[in-house]
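> Here is a sequence together with a model predicted from it:
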Amino acid sequence: MIDLSLPESLNSYEGCGHDQRYPSTTSTLSVIFVGGGTLSIRCAQLAKEIGYSVPAVLPTDDVFRTWATHVGIRCFDNVEQTYEFLCDVNVDLIFSVVNPVILPAHLLEQARVGAFNYHDSPLPRYAGTHATSWAILAQESQYAISWHHMDPGVDTGNVVVQCPVPIASTDTALTLNLKCYDAAIEGFRALLAKIARADLQGRPQQLANRTYFPRKQRPIAAGCLRWNQSAQELSAIARGLDFGPYHPNPLCLPKVVVGEDAVPVRRLEVSTRSSGYQSGSLLEIHPDHWRVATETEDVNLWFGAPNGPFVNAIALAERFCLNVGDRLAILSDDQALSITTISEALAPQESFWLRRLETFKPSQLPYVSSLPGEQPPKWHTSSWRNIDALAEFSPTDRVECLLSAWLIYLARNQGEAELHLGWRPVLDKAQIEERLAQKLIASIVPMELTIDLNHGFSELRAMVAAECVLLRRNASFSRDLIARSPALSGVKALQLSQPWPIGIMATMNHGPSVDELGSNPESQMNLPGSLLTLEINAVDGSFRWHIDENRWAPEKIGNVTQHLENFLSVAILNPQQPVGRIELLSGEERGYLLEDLNRTEVDYPSELCVHELFEAQVRRAPDAVALVFEAQSISYGELNAQANRLAHHLIDLGVKPDQPVAICLERSPAMVVGLLATLKAGGAYVPLDPAYPGARLRQVLDDAAPRLLLCDAAGREALGAEAIASLSVIDFSGGELSWAHQSADDPDPHALGLTARHLAYVIYTSGSTGTPKGVMVEHQHLSNYLQWSNQSFYQRTSNGSPVMHSMSFDGIVTTLFGPLLAGTKLHLLDPAVQINSLAESKDGQTFDLVKVTPSHLSMLNKTMHDDEEEAPTKALMVGGEALVPADMQFWQRRFPNVRLINHFGPTEATVGCAAFEITGDLEGITSIPIGRPISNTRLYVLDEHGQPVPFGAVGELYIGGAGVARGYLNRPELTAERFI
């Protein structure tokens, strides 16, 4: 046993407590600092305060580097740069402060006066690292810090200054470090005073008394409490390993061994009495702590990670089936040695794993269903399989090729080149004979690769092989590393019991059968993937899948296996071909994705303009109500006549097919008349909502460059006199309308040269992804969309739809033109009260279709009365933004008979290109599909090379069919890029 007590001679200290005034100097000394943290900053500030120049520093952390950069001090990146500087510039002193880098002798020799290092221990005792923790573990009461000459050894130079630091019985590593921090500053002042007096010889260390603690050394049993120790020894372990919630713990956490698990101890207090029970007896179980007997006094234990919440102590006892009177296991010497050995063997690799864990971002699994995440997993294990294309390969090559193919497959189908997977390493069982030691080690470690799909298979295979070598070399890490690293507290996924959705494991045998695995919870928990694990047999290269079939359908296994077979059959023959271009799908699967899912062809009036379809309804029922606004009702015949009179006026003013006509009107019958009249005259309406910011409206006017403007008083005010000065203005707010004498007959489209291939409108995108763009939509595009919506939602004898959208948003098209083409009613609601109006709809006012944005829906849900029994609509369509499932769930529960539709599509695809009718329970669902293509529309999900991705995988959506717009107004280059 090593005696770590301090000799009596160290009760007197050099330097501290003497006169530390700085005599005036005749010349300025030049110094550089090497180190990090705020202590380096404070020492550099003190040096500058007495006139030293600090031309440069070698920072070992961002804290010191940031400060030095801020005050204009040059920063080096490594020892080599520092040495080159010292060879060119005379420097008197080198100060090493909280510096983990061993400086070479040739660099130290460049300091003309000397090089000095700060060490937080009473050298020669506690040389090395983590000295304060080792001193507390040894139950020291007297301590000190040292400033010493630097020589080729580690912490072996003459001690120039040593300052005392008493250790209290309640001190932790954190509090003792703070005491040493203050003593270090006091000692540095003393060192500066000695430099000024040229009193630098110092006291040689008595190396026979030296104790040294290397960075990899760990406490016995890696912090596991052994109940055959005294309460004071256990307290020392808990305090010596307590670095507080915000500072990294570089050693280990104090732990209580329960069965084959270990629970971190947050706090340990020594009782004032001894129960006399056997060591390890569980004396009391309280909500927040346990009371346990030791060799001396009893101790109270609180559980939890340093930067997390306290663990409920009663629940913890129940988890391990512990009751008062039970006895906790006492580690044997062999167990303690095994745990210590493996912890120290893995310690040098901790920095490697920390870097990986800090950047961890879990890779997502393609094809995952959106079932509730809280549902417990239901594991399914496939039979063992082989890839025919690898039959002639050696087992090692099979494993390498299969693993590479799987990683490439994931990169292609999740749409992310960077992969973060869980890897279950095969640890050296001879080295970890003790089962408990195995439990204290992470069984799953992060595999991290970046897959460039432009590279060939041979190149990526070599990269994967190198990653496997790296993983084997670094083996694993202590399981408590995450809990003792504050930098990882922000990585939320690491707080889960199984952070990696996708895992890979290599085994040396064929393991348990499917039934055996399914009934073995321990085997299930040891799977590296929480959703899916690929298990590869390293002996013969066979493989099998473990999946949570609640989230991933078992039939997908066959598809993925076939995709890997397809990929490898090509990649092996042509290993230089970019892997992103290799076909994954079979001919049958490709046909299903490209053709079967896009069989949407139906007849529609592709040769008729939208207003012609409206006129057909007028002829069928001219006296039927077409438009309702406040107390006013307008028949189809009257609405058509008003639109025709204005249309003839527009024609007289020179409106031609495809000519943009700006419309800036408040929501009113005049707005509908203006839109219909523009279409009848052959123009393409450009909608401008007076409620929009004036700058936005003027931007659209400048780009569309219309010669004609339809407006009212609100429109004039919104645009401003300057913006409309050069336009011909038709004003609806001037009393008697100048076109009232015009013919009420329908204009002849043939006489105008107007066809369904001319523009119906130019509507501008929001500009959320850049400059707003004017999308040119033709009559034929609009006719196809409106036929789909009418056949899906409207009946002629019903109550139609309310208009809920701004006229500048293309979502308005569904409920503005839809009712008029279906022969039902269009309801114009006051925008200021439309949500309340809809929520207060009375019996008999049930609409055919209400279309809203998700924002509207959220407000509507909050406004509806609890006693409302009748739904305001037969169908509710939501589009324009990402849909929140919970808002739709409100309708499922409240009005189960209402059809609920998620409608998706960009402006460039004429309002919408896909729809999904929600029929299943949305409880726990996090996202809702966009659905299938509407009539005469084709949807393709393609990868970056234009190849279809497997069903359910990530890709870019391409839209084809009758709804694709003509392009962007005045943007030929962008049109050529986006409309292919």
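Perfect, I can see it now.

> Poorly predicted segments of the stretch 1-150 of the chain, please.
Judged against pLDDT under 70, the low-scoring parts of the stretch 1-150 of the chain cover residues 1-27.

> how about the helices of it, start to end?
Assignment of helices within the stretch 1-150 of the chain using DSSP state H, counting those that start in this stretch yields the ranges 37-49, 62-70, 79-88, 105-108, 131-137.

> Give me whichever of the ones you listed is most buried.
helix 131-137 (a mean of 25; mean count of other CB atoms under 10 Å). No exception for glycine: its C-beta is placed from N, CA and C like everyone else's.

> Which strands or helices does it pack on?
Helix 131-137 sits against helix 173-197, helix 231-240, with contacts defined as 3 or more CB pairs under 8 Å, 6 or more residues apart in numbering; DSSP states H and E.

> I'd like those helices as CSV, with distance to A466, mean neighbour count and mean pLDDT appended.
Formatted as CSV, the helices and strands packed on helix 131-137 follow (distance: least, CB to CB, whole Å; neighbours: other CB atoms under 10 Å; pLDDT from 0 to 100):
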stretch, distance to A466, mean neighbour count, mean pLDDT
helix 173-197, 38, 20, 96
helix 231-240, 40, 22, 97
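
> So which of these is nearest L883?
Between L883 and the helices and strands packed on helix 131-137, the shortest gap by CB to CB is with helix 173-197, which sits at 48.7 Å.

> List the neighbours of the helix or strand following that closest one that are in contact with it.
For helix 173-197, the succeeding helix or strand toward the C-terminus, using DSSP states H and E, is strand 212-213. Defining contact as CB atoms under 8 Å, 6 or more residues apart in numbering, one finds that strand 212-213 is touched by 126-131, 134, 154-155.

> roughly how far out does strand 212-213 sit from the chain middle?
On the basis of CA atoms, centre = their mean, to the nearest Å, strand 212-213 sits 42 Å off its chain's mean C-alpha point.

> Neighbouring strands of it in the sheet, and parallel or not?
Based on DSSP bridges, the strands next to strand 212-213 in the sheet, each with its direction, are strand 127-128 (parallel).

> Now do the strands in the stretch 851-980 of the chain.
All strands of the stretch 851-980 of the chain, identified by DSSP state E, counting those that start in this stretch, fall at 875-879, 899-904, 914-918, 932-933, 937-942, 956-961, 967-968.

> What distance do you get for the residue nearest the centre of the chain to E416?
Here the mean C-alpha position of the chain is nearest to the C-alpha of K361 (CA atoms, centre = their mean), at a distance of 6.7 Å. Remark: distance between K361 and E416 (CB to CB, to the nearest Å) = 9 Å.

> got JSON lines for the strands of the stretch 851-980 of the chain, with mean pLDDT too?
What follows is the strands of the stretch 851-980 of the chain, written out as JSON lines (pLDDT from 0 to 100):
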{"stretch": "strand 875-879", "mean pLDDT": "94"}
{"stretch": "strand 899-904", "mean pLDDT": "96"}
{"stretch": "strand 914-918", "mean pLDDT": "95"}
{"stretch": "strand 932-933", "mean pLDDT": "96"}
{"stretch": "strand 937-942", "mean pLDDT": "95"}
{"stretch": "strand 956-961", "mean pLDDT": "95"}
{"stretch": "strand 967-968", "mean pLDDT": "97"}
